[in-house]
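*Asks:* got a structure for you, letters missing:
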């Protein structure tokens, strides 16, 4: 146990010694403070502790929609943009070299001289890389939790779902970097490989989501899409989806099943962070609608709710975990079999 703790502590010390760790931490704190500076009054919403005012009839002080919007800003805005993209990307830049550097001549020999098996040593180094994102997101989420509590009186512990979910998103991509790093001992190859897998899987999920909108959401909401001009026209009546669109959507979903679902996992977080009394009010509503003070047609909102809930937890997390296990097993096999 002491040897395992020492290895984890060495990984933490390595991360802490890198300037990028402190840079990302400082930026995360700035983003969290901007979020904490948002307040609500009789006219609408204010930012930067009252320096900027946004008039809005929907999100005003005392209205339940304001509390739901404050949470949606975290789940739909900050998590999906900052934590799931920029923070994860910067974390990859900082941690992608851990395994290649560890396998450098001399470094791995010192660790193997300790009473720790190779499989355990490999997993400890992998977990050490995950600490970067876990610590960043935990600190960020604590500030969000306190902001919700003091601003709205909502001490909602479900916001801490962001810590395991975002860490899991990072782990799926980091596993690819570990595999390529163990195989090639090249930091550059590891970085390029994980970026390609990350970008490719995200693009496939985005296209699948767009195909679902065209095949199911728009017809159900009574909206007709002109594929030549891209113009959408309300028809007033729900219609059946075209067979070729349904086939395309199902094919895209099947193609994405064995891949890591980074985009879908961050979207699923909205279903984990719950405000039972308010979820029904803004379900199917986007941040753009709230910023403009508009609410969608009830039929469109219903279709959007169905779209948000169409993927099961097994499809999002189970298949992604299976991908990660396969990649880690392959990386661990290479690590154990190789002579150092």
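*Replies:* Yep, that arrived. Everything numeric in this text was worked out from a predicted model, so none of it was measured.

*Asks:* other SSEs contacting the one helix or strand residue 29 maps to?
*Replies:* Using DSSP states H and E, residue 29 maps to helix 19-36. Using 3 or more C-beta pairs under 8 Å, 6 or more residues apart in numbering; DSSP states H and E as the contact test, the elements touching helix 19-36 are helix 88-95, helix 118-152. Where you see a C-beta, it was placed from the backbone N, CA and C, and this is true even at glycine.

*Asks:* go again using 10 Å as the cut-off
*Replies:* On a contact count with 3 or more C-beta pairs under 10 Å, 6 or more residues apart in numbering; DSSP states H and E, helix 19-36 meets helix 2-17, helix 88-95, helix 118-152.

*Asks:* winner for burial among these?
*Replies:* When the helices and strands packed on helix 19-36 are scored by mean count of other C-beta atoms under 10 Å, the highest mean neighbour count falls to helix 88-95 (a mean of 21).

*Asks:* who's in contact with that helix?
*Replies:* Identification of contacts with helix 88-95 by C-beta atoms under 10 Å, 6 or more residues apart in numbering yields 11, 14-15, 18-21, 23-24, 27-28, 82-83, 128-134, 136-137, 166-167, 169-170, 172-174, 176-178, 187, 190-191, 194-195, 198, 262, 266.

*Asks:* buried subset of those residues as a ChimeraX selection?
*Replies:* Remark: buried members of these, expressed as a ChimeraX selection using 16 or more other C-beta atoms under 10 Å:
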select :11,14,15,18,21,24,28,82,83,128,129,130,131,132,133,134,136,137,166,167,169,170,172,173,174,176,177,178,187,190,191,194,195,198,262,266
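
*Asks:* the helices and strands packed on helix 19-36: lowest mean pLDDT?
*Replies:* Looking at those, the lowest mean pLDDT belongs to helix 2-17 (a mean of 59).

*Asks:* pLDDT below threshold where in the chain?
*Replies:* For the chain, the stretches flagged by pLDDT under 70 are 1-21, 50, 56-58, 60, 62-65, 104-116, 220-241, 275-303, 339-340.

*Asks:* tell me which strands the following helix or strand past the helix holding residue 29 pairs with, and in which orientation.
*Replies:* Note on helix 19-36: by DSSP H and E, the next helix or strand toward the C-terminus is strand 39-40. Paired neighbours of strand 39-40 in the sheet (DSSP bridges): strand 44-47 (antiparallel).

*Asks:* what separates the strand it pairs with from the chain centre, distance-wise?
*Replies:* For strand 44-47, the separation from the chain centroid amounts to 26 Å (computed by C-alpha atoms, centre = their mean, to the nearest Å).

*Asks:* now stretch 31-41
*Replies:* Worked out by C-alpha atoms, centre = their mean, stretch 31-41 lies 21 Å from the chain centre.

*Asks:* quick one: closest of the helices and strands packed on helix 19-36 to residue 332.
*Replies:* Set against residue 332 and scored by C-beta to C-beta, those come closest in helix 118-152, at 5.0 Å.

*Asks:* the closest one to helix 88-95, inter-axis angle?
*Replies:* Inter-element angle recorded for helix 118-152 and helix 88-95: 140 degrees (by axes from the mean of the first three to the mean of the last three C-alpha atoms, to 10 degrees).

*Asks:* tell me how far helix 118-152 lies from the chain's centre.
*Replies:* The answer for helix 118-152 is 13 Å, by C-alpha atoms, centre = their mean.

*Asks:* what angle do that helix and helix 19-36 make?
*Replies:* Helix 118-152 runs at 30 degrees relative to helix 19-36, counting by the same axes, to 10 degrees.

*Asks:* quick check: next helix or strand after helix 118-152?
*Replies:* helix 162-184.

*Asks:* what is that next one packed up against?
*Replies:* Here helix 162-184 touches helix 88-95, helix 98-102, helix 118-152, helix 187-212, helix 262-272, helix 319-337, going by 3+ C-beta pairs under 10 Å, 6+ apart.

*Asks:* possible to save the ones you listed as a markdown table with distance to residue 45?
*Replies:* Below are those laid out as a markdown table (distance: least, C-beta to C-beta, whole Å):
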| stretch | distance to residue 45 |
| --- | --- |
| helix 88-95 | 28 |
| helix 98-102 | 42 |
| helix 118-152 | 11 |
| helix 187-212 | 28 |
| helix 262-272 | 20 |
| helix 319-337 | 35 |
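
*Asks:* and these: which comes nearest residue 242?
*Replies:* helix 187-212 (11.0 Å).

*Asks:* between helix 262-272 and the closest one, find me the angle.
*Replies:* 60 degrees.

*Asks:* give me the angle between helix 187-212 and helix 162-184.
*Replies:* 130 degrees.

*Asks:* flag every buried residue along helix 187-212.
*Replies:* 187, 189-191, 193-195, 197-198, 201-202, 204-205, 208-209, 211-212.

*Asks:* how about residue 152: what's its closest non-neighbour residue?
*Replies:* residue 67 (4.7 Å; C-beta to C-beta, 6 or more residues apart in numbering).

*Asks:* and the strand or helix carrying that neighbour, how far out from the chain middle?
*Replies:* For residue 67, the enclosing helix or strand under DSSP H and E is helix 64-72. Offset of helix 64-72 from its chain centre (C-alpha atoms, centre = their mean): 20 Å.
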